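K.L.:
Need a 3D model of the sequence below.
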Amino acid sequence: MTAKIQHDRHSPHPNEVDRKRIEKILAERERYKYVAPKVLTDIDGYLVRSPCCSRTVDPTGGEIDIARIEYQPGDFWRLFQMNDDTRHWRAHSEYASLTVLLARLLADPKREFWR
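P.N.:
Predicted coordinates for the structure are as follows:
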């Protein structure tokens, strides 16, 4: 499910360079290394999807939404988490840089994303 957000034509995101960068960094994660996530472009950002890691969300192991990464006016990043019950994105946290956001997504200490 994609968030319905107004697209700013002047936004530098999404772009192919950062999409590939995100994809490469996600391959370094500690959990669920046996599944290969996809990074798709989305309005003003990127959508991370993966086969269901633990089958708790989708018992058949189908593809699920992991995270949405959105560039915000004011030069910061917002990380969104999927609510599996309502199937809606909810804002999780904000970061000054994409690098710091990705470090948080990789660590995922509470398994809020890689579930």
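
K.L.:
Against residue 15, how distant is residue 52?
P.N.:
28 Å (CB to CB, to the nearest Å). Heads up, the C-betas are built off the backbone N, CA and C, glycines and all.

K.L.:
can you give me the helices for the chain?
P.N.:
Per DSSP state H, the chain carries helices over the ranges 16-26, 98-107.

K.L.:
thinking residue 76 is in contact with residue 95, fair?
P.N.:
Yes. Using CB atoms under 8 Å, residue 76 is in contact with residue 95, at 6.5 Å.

K.L.:
Give me whichever of the helices of the chain is most buried.
P.N.:
helix 98-107 (a mean of 17; mean count of other CB atoms under 10 Å).

K.L.:
The most centrally placed residue in the chain pairs with what?
P.N.:
By CA atoms, centre = their mean, the mean C-alpha position of the chain lies nearest to residue 67, the distance being 2.7 Å. Beta-bridge partners recorded for residue 67 (DSSP bridges): residue 48, residue 81.

K.L.:
That one: what's it in contact with?
P.N.:
With contact set as CB atoms under 8 Å, 6 or more residues apart in numbering, residue 67 has these partners: 47-48, 79-82, 92, 105, 113.

K.L.:
Between which two of those is the distance greatest?
P.N.:
47 and 92 (14.1 Å; CB to CB).

K.L.:
one step back: now do the residue nearest to the centre of the chain against residue 56, distance only.
P.N.:
Counting by CB to CB - residue 67 and residue 56 are separated by 16 Å.

K.L.:
What of residue 72?
P.N.:
Applying CB to CB, the value for residue 72 to residue 56 is 31 Å.

K.L.:
For these two, work out which one has more neighbours and name it.
P.N.:
residue 72 (15 against 11; other CB atoms under 10 Å).

K.L.:
Report how many residues lie close to the closest residue to that one other than its chain neighbours.
P.N.:
Excluding its sequence neighbours, the residue lying closest to residue 72 (CB to CB, 6 or more residues apart in numbering) is residue 78, at 5.4 Å. Look at residue 78: counted by other CB under 10 Å, it has 17 neighbours.
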